[in-house]
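Chemist: give me the fold of what follows.
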Amino acid sequence: MRTDRIVRTFVEYYEERGHRRITGSTLLPPPGDPVLFTTSGMHPLTPYLEGRPHPLGRRLVNVQRCLRTTDLDEVGDDTHLTLFEMLGTWSLGDYEGPRSLGWGYDLLTEGFGVDPGRLHVTVFGGDERTGPDTASLELWQERGVPVELTVEDNWWSNGPTGPCGPDSEIFLWTSDTPPESTPTGDDRWVEVWNHVMMRHRRLDDGSLVPLPQRNVDTGLGLERLATLLQGRRSVFDCDVFDPWRETVPSRWELDGTSLRVVCDHLRSALVVIGDGVRPSNTGRGYVLRRLLRRVLTLLRQDGPGRGLGDLPEELVRHTLDRFRPDGDPGEVRRVLLDEERGFLRLLERGRRVLDRPRFRGPLTEEDFHYLHDTHGLPRELVLGIRPC
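Modeler: Numbers count the residues shown, from 1 in each chain. Below is the predicted model of the structure:
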């Protein structure tokens, strides 16, 4: 089942149950949101989760592109991406968690054909602030799905303050062996769908107060689900990355992990640029700059002549067509090449600085701070020039 069919099946399933499809936003969160990028489908809907009526009603469904840098060092493994798409549903004060979980179970097992025996879930077990999520626990017990109770792993929050609540996460077994252990005990259980019972608001002092309405917010990772439904081991092997796998290896000889990181970071950078961000030394621009510098460092490790000018135009157009159909490929390529030229100048300056006698031995934390604060050389660039 290719991703376009997965999206269609998901959206139509919820439209048949009274949900209205809303348009996904760009990667830039609404004004006032403390995060740099949209990291989940709920970010653009925060005002409605807090009680404002939504013009399309109380049941919503969408596909939202998201970008997360908290797992940047994990990118290159089988499950993590910087840029990904989230399939989401919302009940804005309408139905409760058990109905959402029941629909989710039915869609996975009947709509997508997932073997119920390969499912495991986690449920909030309660803490000193609020009790266990017994309604979700009872729903899963009725369906015969094994449950693991946790505390911190099953409490979702939108930062230190704001909407929050207990959640129930659905995991799929990814090994060819019979399922064993639990999601917290075996990483062959991969989370694909999170259902948040968003009932509370966390205040500055850490206390919880009820939201004006009891919501349900769900997020299902499209690439992770596609990987499992297509019988693949890695998110980089699902159909989303077909054009990258078919094109990039013939341009740049990279090993497995480096190839994955380059494809992930370049794909992410193209969409970030398409959404209007430009490289800089602060905020969103620095995230973009960091992604591109990581790519350039990997490209040049074993091939000094490699550069972004070799990036096939069809990959730029393919990515923009999927995420930003009105994007200008020529402008995106111009931004990439301008940043590469700046990186090469910085690289040359960094080599000259690191040739000084002071830095000929092992580098200390004090050295890294000095190189960054005085010469503008970030740690990852220094390590790319001279691994320590």
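
Chemist: confirm Gly165 sits in a strand?
Modeler: Yes. According to DSSP: H, G, I helix; E, B strand; the rest coil, Gly165 belongs to a strand.

Chemist: that one pairs with what?
Modeler: Trp156 (DSSP bridges).

Chemist: just Arg59 next, same as before
Modeler: Per DSSP bridges, residues listed as beta-bridge partners of Arg59: Ser91.

Chemist: that one: what's it in contact with?
Modeler: For Arg59, the contacting residues are 14, 17-20, 89-92, 94-95, by Cβ atoms under 8 Å, 6 or more residues apart in numbering. Yep, even glycine has a C-beta here, placed from its N, CA and C like the rest.

Chemist: against Val235, how distant is the residue lying closest to His80 once chain neighbours are set aside?
Modeler: The shortest distance from His80 to any non-neighbouring residue, by Cβ to Cβ, 6 or more residues apart in numbering, is to Glu74 (4.1 Å). Relative to Val235, Glu74 is positioned 11 Å away (Cβ to Cβ, to the nearest Å).

Chemist: one more: Glu50?
Modeler: From Glu50 across to Val235, the span is 33 Å (Cβ to Cβ).

Chemist: now the strands: where do they sit in the stretch 101-250 of the chain?
Modeler: Under the criterion DSSP state E, counting those that start in this stretch, the stretch 101-250 of the chain contains strands at 119-124, 147-150, 155-157, 162-173, 189-202, 208-221.

Chemist: relative to Leu27, which of those is closest?
Modeler: For Leu27, the closest of those is strand 208-221, at 15.5 Å, according to Cβ to Cβ.

Chemist: distance from the chain centre to that closest one, please.
Modeler: Distance of strand 208-221 from the chain centroid (Cα atoms, centre = their mean, to the nearest Å) equals 20 Å.

Chemist: cool, and stretch 93-107?
Modeler: What separates the centre of stretch 93-107 from the centre of its chain is 23 Å, taken as Cα atoms, centre = their mean.

Chemist: circling back: list residues touching both of Glu74 and Val235?
Modeler: Common contact partners of Glu74 and Val235 (Cβ under 8 Å, 6+ apart): His80.

Chemist: for these two, indicate the residue with more neighbours.
Modeler: The residue with more neighbours, out of Glu74 and Val235, is Val235; 26 against 13, by other Cβ atoms under 10 Å.

Chemist: where does pLDDT dip in this structure?
Modeler: Low-confidence segments of the chain (pLDDT under 70): 302-303, 387-388.

Chemist: make it 80
Modeler: Counting by pLDDT under 80, the low-confidence segments of the chain come to 30-34, 71, 158-159, 301-305, 325, 376, 378, 380-381, 384-388.

Chemist: helices along that one, start to end?
Modeler: Under the criterion DSSP state H, the chain contains helices at 3-15, 46-49, 97-106, 134-143, 222-229, 242-251, 256-274, 283-301, 313-323, 329-354, 365-375, 379-385.

Chemist: dump the ones you listed into CSV; add distance to Val61 and mean neighbour count as well.
Modeler: Shown next, in CSV, are the helices of the chain (distance: least, Cβ to Cβ, whole Å; neighbours: other Cβ atoms under 10 Å):
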stretch, distance to Val61, mean neighbour count
helix 3-15, 4, 16
helix 46-49, 14, 18
helix 97-106, 11, 20
helix 134-143, 21, 16
helix 222-229, 13, 23
helix 242-251, 26, 15
helix 256-274, 22, 22
helix 283-301, 28, 20
helix 313-323, 19, 17
helix 329-354, 30, 16
helix 365-375, 45, 13
helix 379-385, 39, 16
